[in-house]
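# What would the 3D arrangement of this be:
(2 chains)
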Amino acid sequence: MLRLILQRLLALVPLLFIVSVLTFSFTSLLPSDPVDLIIGDNGTQEQYELVRERLGMNQPVVVRYFQWLGKAVQGDLGTSFFNSVSVMGAVMQRLPVTLSLTAMSALIAILIGVAAGVAAALRPQSWVDRFATLGATFGQAVPNFWFGLILVAIFAVNLRWFPATGFTPITQSPWEWLRSVILPSIALGTASSAAIARQVRSAMVGVLQQDYIRAARAQGLSARRVIFKHALTNAMVPVVAVLSFQITVLLGGALIVEQVFAINGLGTLAIGAVRQQDIPMLQGLVLVMVGLVVVVQLATDVVYGLLNPKARPS
Amino acid sequence: MKKWITTLAASVALALGLAGTSAWAQGSGTFRYAEQVKLITMDPQQQSGSGVPFLRPVYETLFEKSPDGKPVPLLATGYKVDGLDVTITLRQGVTFSNGESFNAEVAAANINRGVKLAIIEGLKTVASAEAVDASTLHIKLKEPDPAIIDSLCYTGGMMLAPAAMADPAIDRNPIGTGPYVYDKAQSREGEVRVYTPNPTYWDKDKIGLARYEVWELPDDTARLNALKTGQIDAGNWLANPQSAIIDRTPGLKLIRGTGGLNYHVIISDREGTVVPAFADINVRKAMAHAIDREAFGKAVQFGLAEKSFQPYGKGDWAYDPALEGVYEFNLDKAREYMAKSKFPNGFSFDMPSIPIYQSRLEALAGFFKEIGITMNIVPQEPGTLARVSRTTNFPATNLVWATNTDPKFLALRYIYKDAAYNPFKATPSEELLSLAKQGLESVDIGVRAPIYKKMAAELADEAFLIFVTNTPILIGVSDKTANNPTVVYRFGEDSINLRGLKAND
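Just a heads-up that it's a prediction; the model follows:
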């Protein structure tokens, strides 16, 4: 297992290098110019040239890239083009926000998805199964930003149960933190719960028809023990793979849902950086997101190995 | 025992002393304002766009606008403009929140820094500034500028502490003389800026809040929801569906401030270098008459804009009611002008567009189509419209103009041969040039107003600037804010005057 973790971490180095080259190249190809935004509508050509020089944008892309890389390997991702905010500082400030949102969404997705999937698998073709299937279809079809807006309209604006916007850090108030992440997490996690429910149902139906389940039942084990200890543990093996993919989807989806709820996470930072063409900020964000995805996949492989001994590396 | 009593007495005296010092500056309650743009910089002299509500709590200006729009002293006590010499007397006994003194030397350093950075349009006529004595500032102009005092009401007149000017991270460490100080520890980058009372403020009675917050909520729907649920007390908006909702929602109110944005079409190639038809005055007048401004305002700007035929809005000293309706929508008249022109069968031209103007241009293209003119909308990257409008890449463009801007800037932007938005270097008519120069000869609004009214009439006659609509400054507020007698909206600006502002509860 340790070898697997080391292998993955080592593979991260060339991956981040390739991603940084691609990000730098693509942002350099964009037709708009951050200098225009910095000097404003009344800026002169002289000011334009001065700002370009100050930002180092008058140098060739390759030179700029290697200057950036030289600092990045020392942990310095630079500062924003627009102010003195450090990229690392900005990313690290928002990372807990997006991670909070993603973790809570994943939790909601797992709870709803597993419960619905198990319920549907236990009574195939029953009304429970049909209802769960319909719910899963609805959950996957509804765009998360639209669902978020509906949740805000009902539970924040009308009922006033939750705040309509913003995020409270857990260190400030755990209760307010919970209130601030519930609605966005439901909006974000619903589609994933649908995907998980489908996978759990399918896996559970297959497992429940296995001989060892029949044998367990014949031995007089309780239904709860058969379902949760024997059937669900084995059915979860393919589900973990889906879950890994869904967490990546949740990280991406957070970008949109953060806008709806005015949550100041990585998504809001990314959209602002794209609009302003704040290249250092974009570069830092992409690298962190790639790192996060790799970590999630690594964690999935570890859990996969724990659930399924055959999948463990020799 | 004696020592204990002495210690206790000293502690009580100290506590009372501290309480006495801080009680005046505490204020009470919190007021929350939402800004529609993200904060870029808290350095006013490098601030090139929106975002002034982030600066006002900390920085005070030499002058400010009175409720009727006239410049009145704030950190200054008086002024005299004599040709190229501007003499300003300054308030004494003012200190910055870090303890540094505010005096003429510091004020001169501020103005000179602004001139050197050259971002602020209002300081472009300034050659230099110097201290005459501790409380007298002298500004030397490069050319006559009757609007110099007006410019000092905005970012050009904001005074920074010497330590702030020397700080490379000034964009996040503002230090001014204002009623509040920026509390970096309590603020959350990209989310909310927190301000607390300035213990050294020179006009202590004007501190009415214990805490002032400016939230960065660029999403219009999120900002609307925050207002509906009481998370914010007020916020600024553009003319969009969300501000239209505020206008009709019980419990909320949409305040229409003086000033705002004038949307207009600029025929840059008015001598017909690339599009010969634009040199024909009949074509330009036909275009001006072909626009149904009323329908445009309702459909594209959600009923929040008014028809416009001149650069200034109602309530502005240069506004001329006589020009109302000068290019009223009249398709027959527009077609008559086209028939009289050398291009009766129409022509086509390219118009640059950014996403927020796309629907406006689609509406305009529909109007022009009715008189045989095809306007091809050419998408540009957001943030680049001003830049492409200053090039000869397009024979016409479309922009907005802040109607609280002094009229002298009209000539600087559109009229002079070297004007920023005259890329084809069209020669202005003698009449326009003469009026532009006359407008600079006096600082007296009473003298200048008739000159600029004539200029607006001449602009209407030459029709190379086609004014479409005026959108007022829009501030959405809760009923509580609307009924708060201490809430005073700044003239021509999307912010609330913080001096004397108290919390709603």
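# The residue of the stretch 351-500 of chain B found nearest chain A: how many residues sit nearby?
Residue nearest to chain A within the stretch 351-500 of chain B (C-beta to the nearest C-beta): B:Glu381, separated by 3.2 Å. Quick note: C-beta positions are derived from backbone N, CA and C, even for glycine. By the criterion of other C-beta atoms under 10 Å in any protein chain shown, B:Glu381 has 16 neighbours.
# got it, and A:Thr171?
Using other C-beta under 10 Å, A:Thr171 is surrounded by 8 other residues.
# Can you classify it by secondary structure?
Local secondary structure at A:Thr171 is given as coil here, using DSSP: H, G, I helix; E, B strand; the rest coil.
# Just the pLDDT for it.
A:Thr171 carries a pLDDT score of 90 in this model.
# quick one, phi/psi of it?
With angles defined as degrees, to the nearest 10, A:Thr171 shows backbone torsions of phi -70, psi -20.
# likewise the one 5 residues further on?
The phi and psi torsions at A:Glu176 (degrees, to the nearest 10) take the values phi -70, psi -30.
# How about it, nearest residue that isn't a chain neighbour?
A:Thr168 (3.9 Å; C-beta to C-beta, 6 or more residues apart in numbering or on different chains).
# The residue of the stretch 351-500 of chain B closest to chain A and A:Leu37 touch, don't they?
No: using C-beta atoms under 8 Å, B:Glu381 is not in contact with A:Leu37, being 10.5 Å away.
# quick revisit: may I ask which helix or strand encompasses the residue nearest to A:Glu176?
For A:Thr168, there is no helix or strand it lies in under DSSP states H and E.
# Name the residues of the stretch 51-200 of chain B found near chain A, please.
Residues of the stretch 51-200 of chain B lying near chain A by C-beta under 8 Å from any C-beta of the partner chain: B:118-119, B:121, B:168-169, B:171-172, B:188-191.
# Residue 94: how many residues sit nearby?
Just going to use chain A. A:Arg94 has 26 nearby residues by other C-beta under 10 Å.
# Sorry, I should have been clearer: chain B.
Neighbours of B:Val94 under the rule other C-beta under 10 Å: 19.
# Do you have the helices of chain A handy? List them.
Secondary structure of chain A (DSSP state H): helices located at A:2-29, A:34-39, A:45-55, A:61-72, A:87-122, A:127-141, A:144-151, A:174-208, A:211-218, A:223-225, A:232-260, A:266-276, A:279-307.
# just how off-centre is the shortest one within its chain?
What that stands for is helix A:223-225. In terms of C-alpha atoms, centre = their mean, to the nearest Å, the centre of helix A:223-225 is found 34 Å from the chain centre.
# Now do that helix: everything it contacts.
Helix A:223-225 has contacts (C-beta atoms under 8 Å, 6 or more residues apart in numbering or on different chains) with A:Ala216.
# Flag every buried residue along stretch A:28-40.
For stretch A:28-40, a neighbour-count test (16 or more other C-beta atoms under 10 Å in any protein chain shown) marks A:32-40 as buried.
# Intersect the residues you listed with the contacts of chain B.
Restricting the buried residues of stretch A:28-40 to those near chain B by C-beta under 8 Å from any C-beta leaves A:32-33, A:36-40.
# Can you tell me which one of those residues sits lowest on pLDDT?
A:Ser32 (69).
# got the residues of the stretch 301-450 of chain B near chain A?
Residues of the stretch 301-450 of chain B lying close to chain A (C-beta under 8 Å from any C-beta) are B:381-384, B:386-387, B:420.
# So which of the residues you listed sit within helices?
B:386-387.
# pLDDT for the residues of the stretch 301-450 of chain B next to chain A - can I get that in JSON lines?
Formatted as JSON lines, those follow (pLDDT from 0 to 100):
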{"residue": "B:Glu381", "pLDDT": "78"}
{"residue": "B:Pro382", "pLDDT": "75"}
{"residue": "B:Gly383", "pLDDT": "73"}
{"residue": "B:Thr384", "pLDDT": "79"}
{"residue": "B:Ala386", "pLDDT": "86"}
{"residue": "B:Arg387", "pLDDT": "83"}
{"residue": "B:Ala420", "pLDDT": "90"}
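# helix, strand or coil for B:Leu399?
Using three-state DSSP, the structure places B:Leu399 in strand.
# nope, B:Asp150 is what I meant
Using three-state DSSP, the structure places B:Asp150 in helix.
# Check which helix or strand B:Ile139 maps to.
Secondary structure assignment for B:Ile139, by DSSP H and E: strand B:136-141.
# In its sheet, which strands sit next to that strand, and in what direction?
strand B:85-90 (antiparallel), strand B:126-133 (antiparallel) (DSSP bridges).
# Tell me which of those strands is the most buried.
Stretch with highest mean neighbour count among the strands paired with strand B:136-141: strand B:85-90 (a mean of 19; mean count of other C-beta atoms under 10 Å in any protein chain shown).
# Contacts for that strand next, please.
By C-beta under 8 Å, 6+ apart, the residues outside strand B:85-90 that reach it are B:62, B:75-80, B:102-104, B:107, B:132, B:135-141, B:148-149, B:152.
# Now the buried members of those.
Buried, going by 16+ other C-beta under 10 Å: B:62, B:75-76, B:79, B:102-104, B:107, B:135, B:137-139, B:141, B:148-149, B:152, out of the contacts of strand B:85-90.
# Looking at those, which is nearest A:Gly139?
Using C-beta to C-beta, B:Leu152 is the member of the buried ones among the contacts of strand B:85-90 that sits closest to A:Gly139, with 58.4 Å.
# Against chain A, how distant is the closest one?
Counting by C-beta to the nearest C-beta, to the nearest Å, the gap from B:Leu152 to chain A is 17 Å.
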